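In: Below are the sequence and a predicted model for it; my questions follow.
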Amino acid sequence: MKTDARRRSLIAAALAAPALLVARAVRAQAGPAPLSISLAPFLSPAALLAAFRPLREYLERSLARPVEMVTAKDFRSLCETVRTQRQEVAMMPAHLARLAIADWNYRPLVATLDSFQTLVLVRRDSPVRTPADLRGAVVGTLDALSLTATVGQLWLREQGLADTVTLQTVPSINSALFALDRGELGAVIAGDTQLAGLPATTPRSERVLATVRDAPGPIYVARTSLAPAELEALRAAMIAFTPDPARPITAANARLHAVEPALLARLDPLAAIARRALAAG
């Protein structure tokens, strides 16, 4: 009986060997697994992925591996994805990137824009001429964890407007401008480079009521489980990316560069605001 059992085991192993070899060959032909990069959801998903397509295709060529870019429904979801280590690489607003590095064991990868301006927009034909005229208005912003919303809310407090306007969360800047154009919003808070990356179909009936302040652009962060050689190859490829001079300078079309420690230190106060907002739910 033992001899028969051993004979059957050997026959089964011999039959399985070709299938195992075929499976290994298929995996080898399939190539490396895709590198997944999550993008901050400041535009609609279609507009966002279209804007970052040149960078994605460049990285695929440079790294000789597939690259997939995804986004989240909002900034809280993006934070949860990063906090739970479900994302290899993420492009986050600078203050959330600082939080990911300080609290969630991610490493700085590369920075995008040195700075962008947060703008308060109204319709061109709006009677609003000064910040005080916004009293009672509905103001559209990306969700509270976005950097433009954080900076915008600080500005509203400085103007004495925090308790006199109604903040309405918008899913994207292009949808906010549609709502502004229809008169559903009295104002929109947005970044100037976000406006530069809008789809051509977005109505542009806005004017700038106020320029709030400069803030650093998004930062890419990487999960610590990414192998050091893989991390350095990705960083080198990203730093070598050449923006398209025919396109406006945006987070998707910027000269990428190393993240300086001084930049991270400057972000600590804004990261603290985001930390409290996350804890408050």
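Out: That came in fine, so what should we check first?
In: how close does Ala240 sit to Glu68?
Out: Counting by C-beta to C-beta, to the nearest Å, the gap from Ala240 to Glu68 is 20 Å. Placement of C-beta: from N, CA and C, glycine included.
In: Between those two, which has more neighbouring residues?
Out: Glu68 (13 against 10; other C-beta atoms under 10 Å).
In: Grab the nearest non-local neighbour of Pro45.
Out: Thr71 (5.4 Å; C-beta to C-beta, 6 or more residues apart in numbering).
In: Now do the contacts for the one you found.
Out: With contact taken as C-beta atoms under 8 Å, 6 or more residues apart in numbering, Thr71 is in contact with Ser38, Leu39, Ala40, Pro41, Pro45, Leu48, Leu49, Leu78.
In: so Tyr58 touches Ile239, yeah?
Out: No - using C-beta atoms under 8 Å, Tyr58 is not in contact with Ile239; the gap is 11.9 Å.
In: Please say which of these two ends up with more neighbours.
Out: Tyr58 (16 against 13).
In: Just the element for the closest residue to that one other than its chain neighbours, please.
Out: Closest residue to Tyr58 apart from its sequence neighbours, by C-beta to C-beta, 6+ apart: Phe241 at 5.7 Å. Secondary structure assignment for Phe241, by DSSP states H and E: no helix or strand.
In: Over to Met69?
Out: strand 67-71.
In: Figure out how far that strand is from the centre of its chain.
Out: 10 Å (C-alpha atoms, centre = their mean, to the nearest Å).
In: Extract the CA atoms of that strand and return them as PDB.
Out: Only the C-alpha atoms of strand 67-71 are listed here, as PDB (Å, rounded to 0.1, in the frame of the first residue of the first chain):
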ATOM      1  CA  VAL A  67       2.100  52.300 -13.900                       C
ATOM      2  CA  GLU A  68      -1.500  52.800 -12.900                       C
ATOM      3  CA  MET A  69      -2.800  56.000 -11.500                       C
ATOM      4  CA  VAL A  70      -6.000  56.100  -9.400                       C
ATOM      5  CA  THR A  71      -7.800  58.700  -7.300                       C
END
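In: Quick one: mean pLDDT over that strand.
Out: Regarding strand 67-71, the rounded mean pLDDT is 96.
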